[in-house]
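> sequence first, then the predicted structure:
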Amino acid sequence: MLEYIFLFLIVAAGTSGELCVSHAMKTLGEVHDFRPSALLQFVWRAARIGWMWIGIAFMALAFFSLLAMLSMENVSFVVPITALSCAACAIDATSLLRGRISTERWLGVLDVCIGFTLVWLSRR
């Protein structure tokens, strides 16, 4: 049962963290100036956006859940299972961030879901 909780945390917290950081970066805009002083200024502006810190916290939760799951299961099982977060990101990006995803990428998401199912079923 604990494995299901950690799997949920890896996927949900990782996806939430990526979405929060993506939202923060869209607020900041692109980096056009790569001089060290300009990069430091950009990092300073990013550090003042709340969504960035929320995203970092979610990603930290996902990372520590991944470590906990790796302590219970083989890496050959855990790593393919965590790929499910790619599907969650694609779905959330289209619904929450209004992103456009091409047919090829949706086929890739389907491929990941099929792989997830095969790895999960091979465990039994």
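Nice, I can see it.
> from here on, contacts and neighbour counts on C-alpha atoms
Will do.
> after the helix or strand hosting residue 15 comes which helix or strand?
Taking DSSP states H and E as the definition, residue 15 sits inside helix 2-28. The C-terminal neighbour of helix 2-28 among helices and strands, as given by DSSP H and E, is helix 36-47.
> list the helices and strands the helix or strand just after that next one packs on?
Next in sequence after helix 36-47, counting helices and strands by DSSP H and E, comes helix 50-72. Based on contacts counted as 3 or more C-alpha pairs under 8 Å, 6 or more residues apart in numbering; DSSP states H and E, the elements that helix 50-72 packs against are helix 2-28.
> what helices and strands are in contact with the helix it packs on?
Packing contacts for helix 2-28, counted by 3+ C-alpha pairs under 8 Å, 6+ apart, involve helix 36-47, helix 50-72, helix 75-82, helix 84-96.
> what's near enough to touch residue 3?
Residue 3 makes contact with 69, 72, according to C-alpha atoms under 8 Å, 6 or more residues apart in numbering.
> measure it to residue 78 for me?
Distance of residue 3 to residue 78, given as C-alpha to C-alpha, to the nearest Å: 10 Å.
> going by neighbour count, list what's buried in the helix holding residue 15.
Within helix 2-28, the residues that qualify as buried are 6-25, counting by 16 or more other C-alpha atoms under 10 Å.
> what do you get for stretch 51-60?
Under the neighbour-count rule (16+ other C-alpha under 10 Å), stretch 51-60 has 51-60 buried.
> again, but for stretch 84-99
So stretch 84-99, judged by 16+ other C-alpha under 10 Å, has buried residues 84-93.
> just to revisit the earlier point, what is the nearest of the buried residues of stretch 51-60 to residue 41?
Proximity to residue 41 was ranked across these by C-alpha to C-alpha; first place goes to residue 52, at 15.3 Å.
> pretty sure the closest one contacts residue 43?
No - Residue 52 is beyond contact range of residue 43, at 10.7 Å (criterion: C-alpha atoms under 8 Å).
> of the buried residues of stretch 84-99, which one scores lowest on pLDDT?
Here the lowest pLDDT out of these sits on residue 93, with 80.
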